[in-house]
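> Let me see the structure of the following:
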Amino acid sequence: MKTNRKNLLVIILTFPITLSIYIYFFTGNLQFSEEIVINSDIKSVTELLGDPNNMIKYMDGIESYNVIKGNINQIGTEAEIVALMGDEKIKMTEIVITNNLPTEKKVTYSTDGVYNIVTNKLEVTTLNKTRLINKQDFEFKGYMKIISFFMPSAFKKQSRIILESFKNFAEERNNNLNRNN
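Alright, predicted model coming up:
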């Protein structure tokens with residue numbers, strides 16, 4: 001009976017260390033894709049998605065988008081994005097990897113402990129409907145590995161919120177243009 005208690009105590013005491021080692025060495029990446037259909041033509045959606053200054057209009061918390069090096073949308077262009085998350089300001093660096101929308105636009109975002117490659121593709125579904133395919137590829141370091149291990153759904157949920165916000169932004173703009181014509 002005493003041996004069983006000792007074994008249980010050893011397991012309980014070593015579990016946090018073992019879990020920490022596992023997280024540190026064997027986790028840290030998260031990949032997923034999502035799609036959303038936007039009630040707007042592909043040309044309009046391409047224009048809106050292609051202008052990074054629009055992020056301020058549809059992404060809650062984005063305070064500024066400033067090009068540091070290069071020209072907007074050109075390969076290699078670097079920009080600094082300042083976002084408010086809760087009470088904390090976060091600075092991210094965006095780098096354009098490819099940009100040949102509607103086929104594909106790939107950018108990287110990096111901040112403390114997070115490196116994210118975002119790939120967006122657009123497809124025509126019908127004359128006035130466009131499918132936005134969004135692929136996320138995260139690489140985490142430090143404490144962000146622990147957060148991503150225990151809360152991967154938070155990253156997926158935030159991505160979905162952004163897609164739905166962009167959809168609403170694009171459709172509202174499309175409706176306003178149709179009313180004015």
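> Which secondary structure elements does the top helix by length along the chain sit against?
Determined from DSSP state H, the single longest helix within the chain is helix 152-180. Counting contacts by 3 or more Cβ pairs under 8 Å, 6 or more residues apart in numbering; DSSP states H and E, helix 152-180 packs against strand 29-38, helix 42-50, helix 55-58, strand 129-140. Backbone N, C-alpha and C define where each C-beta goes, glycine included.
> Other residues contacting stretch 89-108?
42, 45-46, 49-50, 52, 63, 68, 70, 73-84, 109-112, 115-123, 130 (Cβ atoms under 8 Å, 6 or more residues apart in numbering).
> Buried residues, that stretch. List them.
Neighbour-count burial for stretch 89-108 flags M92, E94, I95, V96, N99, L101, P102, K105, K106, V107, T108 (criterion: 16 or more other Cβ atoms under 10 Å).
> Can you show me the CA trace of that stretch as PDB?
The C-alpha atoms that make up stretch 89-108 are tabulated as PDB, following Å, rounded to 0.1, in the frame of the first residue of the first chain:
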ATOM      1  CA  LYS A  89      -0.600  47.200 -27.200                       C
ATOM      2  CA  ILE A  90       1.000  44.700 -29.500                       C
ATOM      3  CA  LYS A  91       3.400  45.500 -32.300                       C
ATOM      4  CA  MET A  92       3.500  43.000 -35.200                       C
ATOM      5  CA  THR A  93       5.700  43.000 -38.300                       C
ATOM      6  CA  GLU A  94       4.000  42.000 -41.600                       C
ATOM      7  CA  ILE A  95       6.100  40.900 -44.600                       C
ATOM      8  CA  VAL A  96       4.500  40.300 -48.000                       C
ATOM      9  CA  ILE A  97       5.700  36.900 -49.400                       C
ATOM     10  CA  THR A  98       3.600  36.600 -52.500                       C
ATOM     11  CA  ASN A  99       0.800  38.800 -53.900                       C
ATOM     12  CA  ASN A 100      -1.000  37.800 -57.000                       C
ATOM     13  CA  LEU A 101      -4.600  38.100 -55.900                       C
ATOM     14  CA  PRO A 102      -7.100  36.700 -56.600                       C
ATOM     15  CA  THR A 103      -4.900  33.600 -56.900                       C
ATOM     16  CA  GLU A 104      -3.000  34.000 -53.700                       C
ATOM     17  CA  LYS A 105      -1.600  36.500 -51.200                       C
ATOM     18  CA  LYS A 106       0.800  35.200 -48.600                       C
ATOM     19  CA  VAL A 107       2.100  37.300 -45.700                       C
ATOM     20  CA  THR A 108       3.900  36.700 -42.500                       C
END
